[in-house]
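Trainee: The sequence and its predicted three-dimensional model are supplied below.
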Amino acid sequence: MWQKGFTLVETMTVLVLAAILLGLAIPRINAFYEIKLSSAARRLVSDIKYARYLSLIRFNNDTYGIEFNTIKDNYRIYKVSDPTAYVKTTSGLSDYCVDFVLNPAYQGVNLVSANFDGTNRLQFTSKGIPQDGNAKNLNFISSIVISYHGHNSTIKIAPLTGQVTLK
């Protein structure tokens, strides 16, 4: 008489195959995490350089900076003469804001810390020298840390030169 069901050998074969497939998939998931974090970090480096560039060319006769909000996981480029006046995007329709919560390309990326001699603002003089939010030249290398699913990336800004490096 025949009984419905699977034999122990069939069940074990399926479990072994599932384990092998899962073992192949996990490294690919970690690579995805690293790619997403790397993309967000490169965007952040680019935006820091953009704020410095705007200051160097004295766009609209002003200097510029970036304000980081670690609670809301976003940052904005602003005019130093009026910190509430945010730079507009190239279309001119909205503030230049990168939001790691709302932007699908960066969703899930966390802005862990942004410290510029005790402030959350990085600004530049017309000569490209980095300053903290109190308009004082940076004394030490400052850093921004972002993370995604346990992976971290650190962006460092050198005092005097404003050189930006990604670690």
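Mentor: Happy to help now that I have it. Since the model is a prediction, treat every value here as computed from it, not as a measurement. Residues are numbered from 1 along each chain as shown.

Trainee: make it CA atoms for all contacts and neighbour counts henceforth
Mentor: Fine.

Trainee: Just want to check the distance between the closest residue to D95 other than its chain neighbours and E34.
Mentor: Leaving out its chain neighbours, the residue that sits closest to D95 by C-alpha to C-alpha, 6 or more residues apart in numbering is K88, at 4.4 Å. According to C-alpha to C-alpha, to the nearest Å, K88 and E34 sit 30 Å apart.

Trainee: who has more neighbours, those two?
Mentor: E34 (19 against 15; other C-alpha atoms under 10 Å).

Trainee: did I read that right, the more buried one in a helix?
Mentor: Yes - counting by DSSP: H, G, I helix; E, B strand; the rest coil, E34 is located in a helix.

Trainee: what's near enough to touch the closest residue to it other than its chain neighbours?
Mentor: Leaving aside its chain neighbours, E34 sits nearest to H151 (7.0 Å; criterion: C-alpha to C-alpha, 6+ apart). Neighbouring residues of H151 by C-alpha atoms under 8 Å, 6 or more residues apart in numbering: 33-34, 37.

Trainee: Export these as TSV, with columns for distance to S113 and pLDDT.
Mentor: Compiled in TSV, the contacts of H151 are given as follows (distance: C-alpha to C-alpha, whole Å; pLDDT from 0 to 100):
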residue	distance to S113	pLDDT
Y33	19	73
E34	19	84
L37	15	92
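
Trainee: Is it possible to get JSON lines of those that adds distance to Q107?
Mentor: Converted to JSON lines, the contacts of H151 look like this (distance: C-alpha to C-alpha, whole Å):
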{"residue": "Y33", "distance to Q107": "11"}
{"residue": "E34", "distance to Q107": "13"}
{"residue": "L37", "distance to Q107": "10"}
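
Trainee: Report the separation between the nearest residue to I66 once chain neighbours are set aside and L17.
Mentor: With sequence-adjacent residues excluded and distances taken as C-alpha to C-alpha, 6+ apart, I66 is closest to I77, at 4.4 Å. Going from I77 to L17 by C-alpha to C-alpha gives 51 Å.

Trainee: Many thanks, have a good one.
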